[in-house]
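Using only what follows, build the 3D model:
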Amino acid sequence: MNKRVALIIGCVLLIIIYIFKSPENIDREYDGFILSHSNESINKNIKVSLKGELQKNILLQDRFNGEVIIGESKMKIETYQPSTIQGWIKNFTYKIKNSHIMLQGNNVNDNQYIETSGVIYISDNFEELWGFSKSLRDKYNIEDVLIVAPADNKKEAMDIFEKKEEVSNLHYSSINNN
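Numbering: from 1, shown residues only. Sure, this is the predicted structure:
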């Protein structure tokens, strides 16, 4: 009897691991909003697309590799993967404390240095995304350009931000003063 129970538990665990390890294709489009505290003329609607592959992870943050397309600006993004024990602990702690995925865009410049091209946060259910893109900041020549989706206006965009912890981490609390 004990061998049978162990076999059943083992099969259930294998099924759970298989489900978590099977990648899920993500192809979402959002009606988003670009906003800036320092330049009201930047506040406008924009289409945002998220395309890529999600790999569920039991202990660490889920891994997403793909791209975010903001209007005509394309940013390759991926989930940070730790390479040290401290990184694994930080990643595990992040997963426990947060109900979203943090994605970072990276480019290798002409000098072979890695540059961050943006940071996008996505809710676990892929219903909301928020963050920034360096290409949009460069385009408008302003540091406080943000992307929020779904949102049709500044109020809806700020409602999403008010629910998120990263607002203080991204130094955008001044947007609330507008």
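
pLDDT weak spots in the chain?
Low-confidence segments of the chain, defined by pLDDT under 70: 1, 19-21, 58-61, 80-84, 86-114, 164-178.

Recalculate using a threshold of 90.
1-24, 26, 34-44, 53-148, 153-178 (pLDDT under 90).

Skip ahead from the biggest helix by length in it and say which helix or strand is next.
Once the chain is assigned using DSSP state H, the helix that runs over the most residues is helix 2-21. Downstream of helix 2-21, the first helix or strand assigned by DSSP states H and E is strand 24-35.

So for that next one, what gets flagged as buried?
Judged by neighbour count (16 or more other Cβ atoms under 10 Å), strand 24-35 contains these buried residues: 30, 32-35. All C-beta spots, glycine's among them, are computed from the backbone N, C-alpha and C.

Please name the nearest non-neighbouring residue to Gln55.
Closest residue in space to Gln55, ignoring its immediate chain neighbours: Arg63 at 4.2 Å, by Cβ to Cβ, 6 or more residues apart in numbering.

thinking again about what came up before, tell me the one among the buried residues of strand 24-35 nearest to Ala151.
Phe33 (3.9 Å; Cβ to Cβ).

which stretches of the chain form helices?
Going by DSSP H, the chain shows helices at 2-21, 85-97, 134-140, 154-162, 166-169.

Put the alpha carbons of the first one into PDB.
The one in question is helix 2-21. What follows is helix 2-21, C-alpha atoms only, in PDB (Å, rounded to 0.1, in the frame of the first residue of the first chain):
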ATOM      1  CA  ASN A   2       2.800   2.400   0.900                       C
ATOM      2  CA  LYS A   3       4.500   1.900  -2.500                       C
ATOM      3  CA  ARG A   4       1.200   2.600  -4.300                       C
ATOM      4  CA  VAL A   5       0.800   5.900  -2.400                       C
ATOM      5  CA  ALA A   6       4.400   6.900  -3.100                       C
ATOM      6  CA  LEU A   7       3.800   6.100  -6.800                       C
ATOM      7  CA  ILE A   8       0.700   8.200  -6.900                       C
ATOM      8  CA  ILE A   9       2.400  11.200  -5.200                       C
ATOM      9  CA  GLY A  10       5.400  10.900  -7.500                       C
ATOM     10  CA  CYS A  11       3.100  10.900 -10.600                       C
ATOM     11  CA  VAL A  12       1.200  14.000  -9.300                       C
ATOM     12  CA  LEU A  13       4.500  15.800  -8.700                       C
ATOM     13  CA  LEU A  14       5.700  14.900 -12.200                       C
ATOM     14  CA  ILE A  15       2.500  16.300 -13.700                       C
ATOM     15  CA  ILE A  16       2.800  19.500 -11.700                       C
ATOM     16  CA  ILE A  17       6.500  20.000 -12.800                       C
ATOM     17  CA  TYR A  18       5.500  19.300 -16.400                       C
ATOM     18  CA  ILE A  19       2.800  21.900 -16.300                       C
ATOM     19  CA  PHE A  20       5.100  24.500 -14.800                       C
ATOM     20  CA  LYS A  21       7.900  23.700 -17.300                       C
END
